[in-house]
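Colleague: Structural data only, the sequence is not supplied:
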């Protein structure tokens, strides 16, 4: 792959009346997202971490950054060239974790009801719920030991405000 060197921007360009945006924090982060290294050489490897860090910092977002992100999300050139897209692993989302927590709480409630009807015997209650739901004994035992507080760190991983 041929390396292309991108000229470092200055505050003024050679063309009169045109200013080039050169924010010392945001510009390198945006360039890293687009595949440029810190030296200005195009590598083709996108690094979203610097921009993500700035976006999450709470600092005001310059209009140039929001404009560029808008162009990358919905490019006027269609599907040719760079497009910014979300890659989401369906297995590890907050919604799947929430469903898992809800399932554990529901199973625990069923085990408690079955335990009362079986004279306080946990093994008999587990066997009854196992036949009813088709879940494994080990899964039902995990549900029996599950506490709501144990599920909060799972959700906080996807929503840091919950931590």
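Modeller: Good, I have the coordinates. Bear in mind that the values here come from a model prediction, so they are computed numbers and not experimental data.
Colleague: neighbours of residue 119, just the number please.
Modeller: Residue 119 has 8 neighbours, counted by other Cβ atoms under 10 Å. (Each C-beta comes from the backbone N, C-alpha and C, glycine too.)
Colleague: So residue 123 versus residue 130, what's the distance?
Modeller: Look at residue 123 and residue 130: by Cβ to Cβ, to the nearest Å, they are 10 Å apart.
Colleague: between the two, which one's more packed in?
Modeller: It is residue 130, of residue 123 and residue 130, that has more neighbours when counted by other Cβ under 10 Å, with 16 against 10.
Colleague: For the more buried one, what are phi and psi?
Modeller: With angles defined as degrees, to the nearest 10, residue 130 sits at phi -60, psi -40.
Colleague: From one end of stretch 39-58 to the other, what's the distance?
Modeller: Start to finish, the residues bounding stretch 39-58 are 27 Å apart (Cα to Cα, to the nearest Å).
Colleague: Which positions within that stretch qualify as buried?
Modeller: Of the residues in stretch 39-58, 42, 47, 50, 51, 54 count as buried by neighbour count, 16 or more other Cβ atoms under 10 Å.
Colleague: any idea which of these is closest to residue 87?
Modeller: Nearest to residue 87 among the buried residues of stretch 39-58: residue 47, at 14.5 Å, using Cβ to Cβ.
Colleague: The closest one - nearest residue in space that isn't next to it in sequence?
Modeller: Nearest residue to residue 47, sequence neighbours excluded (Cβ to Cβ, 6 or more residues apart in numbering): residue 32, at 4.3 Å.
Colleague: could you say what helices and strands the helix or strand where that neighbour lies packs with?
Modeller: Per DSSP states H and E, residue 32 falls inside helix 26-33. Applying 3 or more Cβ pairs under 8 Å, 6 or more residues apart in numbering; DSSP states H and E, we find helix 26-33 packed against helix 49-56, helix 63-73.
Colleague: is it possible to export those helices to TSV including distance to residue 135 and mean pLDDT?
Modeller: Converted to TSV, the helices and strands packed on helix 26-33 look like this (distance: least, Cβ to Cβ, whole Å; pLDDT from 0 to 100):
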stretch	distance to residue 135	mean pLDDT
helix 49-56	38	89
helix 63-73	42	87
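Colleague: Adding distance to residue 79, write those out as a markdown table.
Modeller: A markdown table is the format used below for these (distance: least, Cβ to Cβ, whole Å):
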| stretch | distance to residue 79 |
| --- | --- |
| helix 49-56 | 23 |
| helix 63-73 | 13 |
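Colleague: Kind regards, and thank you for your time.
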